[in-house]
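K.L.:
Structural data only, the sequence is not supplied:
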């Protein structure tokens, strides 16, 4: 009976030793999920944020944002996963999003695309660290990005001509109050359009004009005794305003044509050019163009309102009118010469206009015959 007790005791002791041995083996397995606390000697590096770089700005339409970082490395054998945090402050006291178990991506980097659209006009902070279930690496450096406020551009306000007002020359100056805008808008450009009908199926002129101070204007050639409609909208590189209110204007009848070669009473260059142009038919011959240019230059010189003396630009090659440019008046010679376009081709019509002065690299300097 005592021998049996000793045997049982020995068997029980052996079983206890065996059980203890199993527990030791289990707890020393680095891949065991039951390990409690860090494994000595294991080091995990911090991930490295890649995209977006710190300080980058996003337009609202560029959401959702994707966060990308370079994977961490470990001296241990356990696989890594990542904890990624997004907050509204650099101290991460106002946490907005957390993914505690992000699986590593391939090619040495991991990406996460946020599922929600973030509120605009705010700065966001994110950080990430690697873990293996027993050991935890340090957080990477905190990175921030900004989601900009949306850009909203209001339509420009037409100033003139409005209310079916009358334009008395063949040059209409369209002017608008600059568009108001909110958000970080880029450079503003105005799209002017002029048409013969309210539906703009008969477009006669259009241009894109950079914003000017306070008000923006654009000039275009028009015909006498004609009704027109115009509109304008403002745009930056990404956003556009609605079209402005539709505006109508009309031009007066052409003034009575003076006798060809006779003088013109106007003292302003534009008025002189229009008067001289009205002395000829719908399409001037080369000789008539030269006569128009001579008479216009002479009258402008007599008026003395635009410098001078103005004259005809000699031209020996290319398109010319009896040895002169067909559409330019000039002033001076050499590098200081100034040239202006005075005839525009608009739908086949030769429309007089006192164009902006051109100098330097804008022109080809040639002899100028003052009148």
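P.N.:
Looks like it arrived, so ask away. The structure displayed is predicted, hence computed values, not measured ones.

K.L.:
In contact with the residue nearest the centre of the chain, which residues?
P.N.:
Nearest residue to the geometric centre of the chain (C-alpha atoms, centre = their mean): residue 237, 1.8 Å. If you count contacts by C-beta atoms under 8 Å, 6 or more residues apart in numbering, residue 237 has them with 186, 187. For every residue, glycine as well, the C-beta is placed using N, CA and C.

K.L.:
and it, helix, strand or coil?
P.N.:
The three-state assignment at residue 237 reads coil, by DSSP: H, G, I helix; E, B strand; the rest coil.

K.L.:
And it, how far from residue 212?
P.N.:
18 Å (C-beta to C-beta, to the nearest Å).

K.L.:
buried residues in stretch 190-200?
P.N.:
Buried residues in stretch 190-200, counted by 16 or more other C-beta atoms under 10 Å: 190, 191, 192, 193, 194, 195, 200.

K.L.:
Please compute how far it lies from its chain's middle.
P.N.:
Centroid separation between stretch 190-200 and its chain, computed with C-alpha atoms, centre = their mean, to the nearest Å, is 23 Å.

K.L.:
outside of stretch 158-172, which residues touch it?
P.N.:
Outside stretch 158-172, the residues touching it (C-beta under 8 Å, 6+ apart) are 173-177, 194, 215, 219-224, 227-228, 230-232, 244-245, 247-252, 270-271, 274, 277, 351-353.

K.L.:
One more: stretch 334-350?
P.N.:
Under the contact criterion C-beta under 8 Å, 6+ apart, stretch 334-350 has outside partners 204-205, 221, 223, 273, 277, 282-284, 289, 292-293, 296, 307, 313, 326-332, 351-360, 362-363, 365, 368.

K.L.:
again, 7 Å this time
P.N.:
For stretch 334-350, contacts defined as C-beta atoms under 7 Å, 6 or more residues apart in numbering pick out 221, 223, 273, 282-284, 296, 313, 326-332, 351-355, 357-359, 363, 365, 368.

K.L.:
from the residues you listed, which ones fall inside strands?
P.N.:
Counting by DSSP state E, the part of those found in strands is 221, 313, 326, 327, 328, 329, 330, 331, 351, 352, 368.

K.L.:
Nearest to residue 85 among these?
P.N.:
Using C-beta to C-beta, residue 221 is the member of the ones in strands among the contacts of stretch 334-350 that lies nearest residue 85, at 63.3 Å.

K.L.:
List the beta-bridge partners for the closest one.
P.N.:
Applying DSSP bridges to residue 221 yields these beta-bridge partners: residue 171.

K.L.:
what residues are up against it?
P.N.:
So residue 221 contacts 170, 171, 344, 346, 351, 353 (C-beta under 7 Å, 6+ apart).

K.L.:
State the pair within those that is farthest apart.
P.N.:
171 and 346 (10.6 Å).

K.L.:
which one of the two has more residues nearby?
P.N.:
Neighbours were counted for residue 171 and for residue 346 using other C-beta atoms under 10 Å; residue 171 has more, 19 against 16.

K.L.:
where's the more buried one relative to residue 222, distance?
P.N.:
Separation of residue 171 from residue 222 (C-beta to C-beta): 7 Å.

K.L.:
sec struct for residue 290, please.
P.N.:
The local conformation at residue 290, judged by three-state DSSP, is helix.

K.L.:
Is there a neighbour count for it? I'd like the number.
P.N.:
A count of nearby residues for residue 290, using other C-beta under 10 Å, gives 19.

K.L.:
now residue 181
P.N.:
For residue 181, using other C-beta under 10 Å, the count is 17.

K.L.:
Also residue 43?
P.N.:
Number of residues near residue 43 (other C-beta under 10 Å) recorded here: 10.

K.L.:
sorry, back to before: closest to residue 82 among the ones in strands among the contacts of stretch 334-350?
P.N.:
Taking C-beta to C-beta as the measure, residue 221 is the one of these closest to residue 82, at 65.9 Å.

K.L.:
Quick one, grab the pLDDT at that closest one.
P.N.:
Looking at residue 221, its pLDDT reads 85.

K.L.:
right, and residue 178 touches residue 157 too?
P.N.:
No. With contact defined as C-beta atoms under 7 Å, residue 178 does not count as touching residue 157 (8.4 Å).

K.L.:
For the closest residue to residue 327 other than its chain neighbours, name its beta-bridge partners.
P.N.:
Once flanking residues are discounted, residue 327 sits nearest to residue 343: 4.0 Å by C-beta to C-beta, 6 or more residues apart in numbering. Under DSSP bridges, the beta-bridge partners of residue 343 are residue 352.

K.L.:
From residue 304, how far out is residue 343?
P.N.:
In this view, residue 343 and residue 304 are 23 Å apart by C-beta to C-beta.

K.L.:
Mind checking which of these two has more residues around it?
P.N.:
Neighbours were counted for residue 343 and for residue 304 using other C-beta under 10 Å; residue 343 has more, 24 against 10.

K.L.:
Please enumerate the helices of the stretch 151-300 of the chain.
P.N.:
Assigned by DSSP state H, counting those that start in this stretch, the helices in the stretch 151-300 of the chain fall at 269-277, 286-303.

K.L.:
Give the other helices and strands that the last one contacts.
P.N.:
Helix 286-303 is packed against helix 269-277, strand 310-314, strand 324-331, with contacts defined by 3 or more C-beta pairs under 7 Å, 6 or more residues apart in numbering; DSSP states H and E.

K.L.:
May I see the buried residues of that helix?
P.N.:
Counting neighbours by 16+ other C-beta under 10 Å, helix 286-303 gives 288-301, 303 as buried.

K.L.:
Outline the domain layout of this protein.
P.N.:
The chain breaks down by automatic domain parsing into domains covering 48-147, 152-251, 269-370.
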